[in-house]
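Q: Here's my sequence, what's the structure:
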Amino acid sequence: MKNFILLYITIISVFSFNSYAQKAQLTSADKKYNSFAYIDAIKTYERVAEKGYKSEDMFQKLGNSYYFNGELDKAAKWYDELFAMAPDQQPEYFYRYAQSLKAVGQIDKANEMLEKFHQKAGNDKRANLYEKNKNYLDRIKVNSGRYKVEDAGINSKYSDYGSSFYLNKLVFTSARDTGGLMHRKHKWTNQSFTNLYVTDLGEDMTPGKVSKLSKKVNSKFHESSAVFTKDGKTMYFTRNNYLDGKKGKDGNGITLIKVYKATFENNEWTKVTELPFDSDQYSAAHPALSPDEKTLYFVSDMPGTMGQSDIFKVKINEDGSFATPENLGNGINTEGKESFPLVTDENELYFASDGHPGLGGMDVFVSKINTDGTFGEIQNLGDGVNSPKDDFAYLIDTKSRKGFVSSNRGGGQGYDDIYKFLEIRRLKCEQELYGTVTDLTTAQILPDAKISLFDSEFNIVNTVVTDPSGNYTFAVECGKNYNVRAAKMDYTTKEQKVTIAMENNGKTNLPIALEKEACKVAVGDDLGKCFGIKMIYFDLDKYNIRTEAALDLEKILDVLNQNPTMKLDIRSHTDSRASFKYNEVLSENRAKATINWLVKNGANPSRLTGKGYGETQLVNQCADGVKCTEEEHQLNRRSEFIITGL
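A: All right, here's what the predicted structure looks like:
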């Protein structure tokens, strides 16, 4: 499995050594290491180490050989030796050592190494993520215990991983011995080259008899990570750079991996072709389709990659051609390895990573895909699906909440194994935010008060009205910050911030006491003065609605909703800088922007008028030629809300 995750699969020759001299042995081991023949390199290095030889370079390579093969417990042993001999290492070794220490349960020491990694690594995102999430184990604990996990029943003593749904079947990757006369082994792992296998799935997703998927797809080199269109007629899969009997190599003579496409015709997979973004000079692997099958996600170390491997996406055009691949960016990718993407019909991206804070090795994470294509908070799926070793290739049926995940955790049958799971509790940690709205002076309960819930960016989440007992309630997410606004006729609108604890199914009480209005409005009054609404300020030379301005406009909207006959005249102004004509146009645009925001959010346009006054109505002495501070100029860049009807 690691051969695919690290994206440096090679087809190599077997090196032998005949000299038993220590120097010759090390030279031979170095050649094997540099050719990615890690298993053979380990054997030689360990023979030399057993004779008492110590070397910083050898300990680095021994640790790396086990690390790249996912044997983190053995990597920890040799990194122990490395840091005991030479504690001042390059930053990457601190990170690998920390990941290996997690695998053997030395969490405190692992976090100590992560602290040093942060000190040395500068702007490395992995270091910054650790620094910002030092309580990551607490957050992972909240997400744990949500899965019932068991052996999938299709594993061999070799490497089995990377499953996908294909009609009513399951397709997966395996290095199992199928009984042939020749067994070609890959020197990275000392296992046979992998092929694609298929099994029928029962009603409860129990796999049946296993067979090879297709002779025309499986080759004498690696195949893995297939994904299929819903009609079962198109497959994308990973294979070594090998097509039509020809093996491609990069500039160093190494055969990398590519994403291929095949079609199902006449009851057979055929027309195997590489995708246009493939290259002999970098790897591409682990394809995944969006639910609408218009976007292909994949993993690569192509130019522009942030780390060892990044997740990319590429649009599939209507004619079957492909657009230019796009890196998912630093919202997902780190300087480490991101791999094995899965996009569900619930707009969630699942992926494996060793760069985001986890339990050790690679963990599975999930992020919500927003409507604008950005990504929400990244969450670790927790213990169960994840372990201190490598966990990856997550696959779930969103209706039954059943699926499969691959791992090299302890207790398995082979090098990597496939586990089936049932998600018994959804990841989203929710609480109940509740409270009672009362009169500040009399403590009288206030029914029919409008309560609005905003997120930390002041985006509206939900709105309710208090019941006859003055009570309200919202469903909120654990660990998040919210703003709650309470509004009622004859009372001053009030806002309060609240932070929800990281406790699933808990409750957070937020009582709200409203104060009676101190004044009544009349035609000609400035709405802001009576209702405590600030004037809407603008940035210099701008007329877009700022975040804090949107918050105040929400208050204006509340007042309009509570006073259905009220009419307003929006009067926008600029400071004296720039020309008179320019300021006149700018203020007009600001008035229009303010009105447009209110109308877009529900206000009746017939109740609103507006005009830009440019610099003709300054509120202070800051006219042309008068030296003023920025704060003084800011007072003139404003919009006012004058009541013209009640």
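Q: measure residue 82 to residue 115 for me?
A: 18 Å (Cβ to Cβ, to the nearest Å). For glycine as for every other residue, the C-beta is placed from the backbone atoms N, C-alpha and C.
Q: Quick check on those two: which one has the bigger neighbour count.
A: A direct count of neighbours by other Cβ atoms under 10 Å for residue 82 and residue 115 places residue 82 higher, at 25 against 16.
Q: helix, strand or coil for the more buried one?
A: helix (DSSP: H, G, I helix; E, B strand; the rest coil).
Q: wait, doesn't it sit right on residue 60?
A: Yes: in this structure, residue 82 is within contact of residue 60 by Cβ atoms under 8 Å, at 5.9 Å.
Q: Quickly list what's touching both of those two.
A: Shared contacts of residue 82 and residue 60 (Cβ atoms under 8 Å, 6 or more residues apart in numbering): residue 93.
Q: name the helices or strands packed onto the helix or strand harbouring residue 561?
A: Here residue 561 sits within helix 547-562, counting by DSSP states H and E. In terms of contacts (3 or more Cβ pairs under 8 Å, 6 or more residues apart in numbering; DSSP states H and E), helix 547-562 is packed against strand 450-455, strand 481-487, helix 527-531, helix 580-600.
Q: Reformat those as TSV; add mean pLDDT.
A: Shown next, in TSV, are the helices and strands packed on helix 547-562 (pLDDT from 0 to 100):
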stretch	mean pLDDT
strand 450-455	94
strand 481-487	94
helix 527-531	71
helix 580-600	89
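Q: With distance to residue 469 and mean neighbour count added, can I get those in a markdown table?
A: Formatted as a markdown table, those follow (distance: least, Cβ to Cβ, whole Å; neighbours: other Cβ atoms under 10 Å):
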| stretch | distance to residue 469 | mean neighbour count |
| --- | --- | --- |
| strand 450-455 | 14 | 20 |
| strand 481-487 | 15 | 20 |
| helix 527-531 | 27 | 18 |
| helix 580-600 | 33 | 18 |
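Q: ok, residues contacting stretch 256-274?
A: So stretch 256-274 is contacted by 4, 7-10, 213-214, 216-217, 222, 232-241, 243, 248, 250, 275, 277-285, 287, 296, 298 (Cβ under 8 Å, 6+ apart).
Q: Mind checking which of those residues are in strands?
A: Secondary structure from DSSP state E places 234-240, 243, 284-285, 287, 296, 298 of those in strands.
Q: what's the farthest-apart pair in the residues you listed?
A: Using Cβ to Cβ, the pair of these lying farthest apart is 234 and 240, separated by 20.9 Å.
Q: Give me the more crowded residue out of the two.
A: More crowded of residue 234 and residue 240, by other Cβ under 10 Å: residue 240, with 25 against 19.
Q: Any figure for the gap between the more buried one and residue 514?
A: As for residue 240, its distance to residue 514 is 69 Å (criterion: Cβ to Cβ).
Q: do the same with residue 110
A: In terms of Cβ to Cβ, residue 110 sits 51 Å off from residue 514.
Q: And for residue 339?
A: Distance of residue 339 to residue 514, given as Cβ to Cβ: 53 Å.
Q: quick one, which of the two is more surrounded?
A: Ranked by neighbour count (other Cβ under 10 Å), residue 339 and residue 514 place residue 339 first, with 27 against 20.
Q: Show me what the strand or helix carrying the more buried one is packed against.
A: Secondary-structure assignment from DSSP H and E places residue 339 in strand 338-343. For strand 338-343, the elements it packs on are helix 2-5, strand 284-289, strand 295-300, strand 310-315, strand 348-353, strand 391-397, judged by 3+ Cβ pairs under 8 Å, 6+ apart.
Q: same thing but at 7 Å, please
A: strand 284-289, strand 295-300, strand 310-315, strand 348-353, strand 391-397 (3 or more Cβ pairs under 7 Å, 6 or more residues apart in numbering; DSSP states H and E).
Q: what mean pLDDT does the second one have?
A: Okay, so that is strand 295-300. Strand 295-300 shows a mean pLDDT of 97.
Q: just checking, what packs against it?
A: strand 284-289, strand 310-315, strand 338-343.
Q: again, 6 Å this time
A: Helices and strands touching strand 295-300, by 3 or more Cβ pairs under 6 Å, 6 or more residues apart in numbering; DSSP states H and E, are strand 284-289, strand 310-315.
Q: just the third one next, same as before
A: Packed against strand 310-315, as judged by 3+ Cβ pairs under 6 Å, 6+ apart, are the following elements: strand 295-300, strand 326-327, strand 338-343.
Q: got a markdown table for these, with distance to residue 616 too?
A: Shown next, in a markdown table, are the helices and strands packed on strand 310-315 (distance: least, Cβ to Cβ, whole Å):
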| stretch | distance to residue 616 |
| --- | --- |
| strand 295-300 | 53 |
| strand 326-327 | 49 |
| strand 338-343 | 55 |
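Q: The helix holding residue 561: what's the following helix or strand?
A: Per DSSP H and E, the first helix or strand lying C-terminal to helix 547-562 is strand 567-573.
Q: Please work out which residues outside that following strand touch it.
A: Strand 567-573 is touched from outside by 587, 590-591, 594-595, 607-610, 612-613, 617, 636, 638-642, 644-645, with contacts defined as Cβ atoms under 6 Å, 6 or more residues apart in numbering.
Q: how about residue 438, secondary structure?
A: Assignment for residue 438 (three-state DSSP): strand.
Q: Equivalent analysis for residue 377, please.
A: Three-state call for residue 377 (three-state DSSP): strand.
Q: That one and residue 384: what is the separation?
A: 20 Å.
Q: Looking at those two, which one has more neighbours?
A: Between residue 377 and residue 384, counting by other Cβ under 10 Å, residue 384 is the more crowded of the two (19 against 11).
Q: Contacts only, for the more buried one.
A: Here residue 384 is in contact with 147, 149 (criterion: Cβ under 6 Å, 6+ apart).
Q: Name the residues that touch stretch 317-331?
A: For stretch 317-331, the external contacting residues (Cβ under 6 Å, 6+ apart) are 276-277, 304, 310-315, 375.
Q: Make JSON lines from these and add neighbour count, pLDDT and distance to residue 578 to it.
A: Shown next, in JSON lines, are the contacts of stretch 317-331 (neighbours: other Cβ atoms under 10 Å; pLDDT from 0 to 100; distance: Cβ to Cβ, whole Å):
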{"residue": "276", "neighbour count": "12", "pLDDT": "96", "distance to residue 578": "50"}
{"residue": "277", "neighbour count": "19", "pLDDT": "96", "distance to residue 578": "48"}
{"residue": "304", "neighbour count": "11", "pLDDT": "91", "distance to residue 578": "41"}
{"residue": "310", "neighbour count": "27", "pLDDT": "96", "distance to residue 578": "45"}
{"residue": "311", "neighbour count": "24", "pLDDT": "97", "distance to residue 578": "46"}
{"residue": "312", "neighbour count": "23", "pLDDT": "97", "distance to residue 578": "45"}
{"residue": "313", "neighbour count": "19", "pLDDT": "97", "distance to residue 578": "43"}
{"residue": "314", "neighbour count": "20", "pLDDT": "97", "distance to residue 578": "45"}
{"residue": "315", "neighbour count": "14", "pLDDT": "97", "distance to residue 578": "43"}
{"residue": "375", "neighbour count": "15", "pLDDT": "90", "distance to residue 578": "40"}
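Q: Distance to residue 142 for these - can I get that in JSON lines?
A: Listed next are the contacts of stretch 317-331 as JSON lines, based on distance: Cβ to Cβ, whole Å:
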{"residue": "276", "distance to residue 142": "43"}
{"residue": "277", "distance to residue 142": "39"}
{"residue": "304", "distance to residue 142": "35"}
{"residue": "310", "distance to residue 142": "28"}
{"residue": "311", "distance to residue 142": "25"}
{"residue": "312", "distance to residue 142": "31"}
{"residue": "313", "distance to residue 142": "30"}
{"residue": "314", "distance to residue 142": "35"}
{"residue": "315", "distance to residue 142": "36"}
{"residue": "375", "distance to residue 142": "20"}
